[in-house]
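[1] Kindly generate the corresponding structure for this input.
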Amino acid sequence: MDSLGGAGLSAFPNDPKMQIMRQVQQEAAMQNARMLVEKLNEHCFERCVPKPGTSLSKGEEGCFTSCMEKYMQAWNTVSKQYVARIQRESQQGALGAGGL
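    From the prediction side, this is the model:
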């Protein structure tokens, strides 16, 4: 099952429309990954490195690692819930359209 809630994109791999949709999905995923890294660095660096120097202290490294892990866990939780919601809404829309 793909991230849109069905096997639709893998059912016709040579269909130009499906190829474009897959490319858009991949580009969106890359943008989300870039945004995650950017926000993670922004948030955790500001929180854990009050006075930047030439290297990180052991305390700063530990803080940064812990912060990144927490931030990524929160990101994953939100992302999973978002995908589940989109899938539910997509399924409800398909069920509603089937009754017409």
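[2] Select the longest helix from the protein.
    helix 58-98 (DSSP state H).
[3] tell me what that helix is packed against?
    helix 16-48 (3 or more CB pairs under 8 Å, 6 or more residues apart in numbering; DSSP states H and E). To be clear about C-beta, it is placed using only N, CA and C from the backbone, and glycine gets the same treatment.
[4] on that earlier part again, can you give me the angle the longest helix of the chain makes with helix 16-48?
    Angle of helix 58-98 versus helix 16-48, following axes from the mean of the first three to the mean of the last three CA atoms, to 10 degrees, is 150 degrees.
[5] how about low-confidence regions in this structure?
    For the chain, applying pLDDT under 70 flags the ranges 1-13, 94-100.
[6] measure L36 to K17 for me?
    As defined by CB to CB, to the nearest Å, L36 lies at a distance of 29 Å from K17.
[7] Looking at these two, which one has more neighbours?
    Neighbour tally, L36 and K17, criterion other CB atoms under 10 Å: the higher count belongs to L36, 15 against 9.
[8] Quick check: the more buried one touching W75?
    Yes: counting by CB atoms under 8 Å, L36 does reach W75; the two are 5.7 Å apart.
[9] Could you tell me which residues touch both of these two?
    Residues touching both L36 and W75 (CB atoms under 8 Å, 6 or more residues apart in numbering): none.
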